[in-house]
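S.K.: Below: sequence and its predicted model.
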Amino acid sequence: MSTDPQVKTIEKIIANEEKQDEKSLKHAIKDLKAGEKAESKAHKMADKAQHALDKVTRKEHDSAKAINKAKANHEKALTDVQQTQKTIDIKHQREAKLEEDVRRQQTLVNELQQKKDQNDQAREARIAQLHTHGAAGAGAGSMTTSPASMTGPSAAEGGPTAAATQSGPTAPVETA
């Protein structure tokens, strides 16, 4: 090394420049590593965010499917309710018709029962008359009243008592 002060100063300046360059390089390398680390971290965070987005998107699709299925089930339930209501209406109409038919049949049965009761009374009266005429004056007069004329329509007219009067006892008709 030289002893010249000027050379020493220049050497000192060069050494300082070298130190400064070395410092700058170390600082730049440190900044580069920090930047690479930040970039890596940002990349990982972006991947994580993408996975979160994918997961949320799948959930949204599943929810949409569930909504569509629920809508379809609801529409089917509405259709079932309407169909069941129609069935109920039809059954109520049939029930009302059958109730009316039963009322008509009950009325007919009541009328036939009354007619039967009247015919039974008439038959009993004829039998009683037969016995009183037969015991009091057998051969005393003529009985011209036929049993059919006392009970209503004759067998020829097709009345309800026609069979009963044809098969039941008849009073003998005496002529003079």
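M.R.: That came in fine, so what should we check first? Numbering: from 1, shown residues only.
S.K.: pLDDT (mean, whole number) over the longest helix anywhere in the chain?
M.R.: Taking DSSP state H as the criterion, the chain has its longest helix at helix 5-136. Helix 5-136 shows a mean pLDDT of 95.
S.K.: next one: that helix to chain centre, how far?
M.R.: In this view, helix 5-136 has its centroid 16 Å away from the chain centroid, taken as CA atoms, centre = their mean, to the nearest Å.
S.K.: can you offset everything so residue one is 492?
M.R.: That works, and once the first residue is 492, the last one we named lands at helix 496-627.
S.K.: Show me what that helix is packed up against.
M.R.: helix 638-642 (3 or more CB pairs under 8 Å, 6 or more residues apart in numbering; DSSP states H and E). Where C-beta positions appear, they are placed from N, C-alpha and C, glycine not excepted.
S.K.: count of neighbours near N610?
M.R.: By other CB atoms under 10 Å, the residues close to N610 number 19.
S.K.: same question, K607
M.R.: Taking other CB under 10 Å as the neighbour definition, K607 ends up with a count of 13.
S.K.: One more: the one 10 residues further on?
M.R.: As a burial measure, the neighbour count of R617 was computed by other CB under 10 Å and equals 21.
S.K.: What distance do you get for it to Q605?
M.R.: 19 Å (CB to CB, to the nearest Å).
S.K.: again with K539
M.R.: Counting by CB to CB - K539 and Q605 are separated by 97 Å.
S.K.: next one: A563
M.R.: 63 Å.
S.K.: And for I520?
M.R.: Between I520 and Q605 the computed distance is 125 Å (CB to CB).
S.K.: Likewise for S554?
M.R.: Applying CB to CB, the value for S554 to Q605 is 75 Å.
S.K.: Then H583?
M.R.: For H583, the distance to Q605 (CB to CB) stands at 33 Å.
S.K.: what's the burial count for E502?
M.R.: 13.
S.K.: I meant to write G625 there.
M.R.: 13.
S.K.: Over to K510?
M.R.: Neighbour count of K510, defined by other CB under 10 Å: 10.
S.K.: That one and K517, how far apart?
M.R.: Distance from K510 to K517, by CB to CB: 11 Å.
S.K.: With L589 instead?
M.R.: 106 Å.
S.K.: what do you get for D608?
M.R.: Per CB to CB, D608 is found 132 Å from K517.
S.K.: do the same with D495
M.R.: From D495 across to K517, the span is 32 Å (CB to CB).
S.K.: again, but for G625
M.R.: Taken as CB to CB, the span from G625 to K517 is 156 Å.
S.K.: Ok, V498 next?
M.R.: Noted for V498: a distance of 28 Å to K517, by CB to CB.
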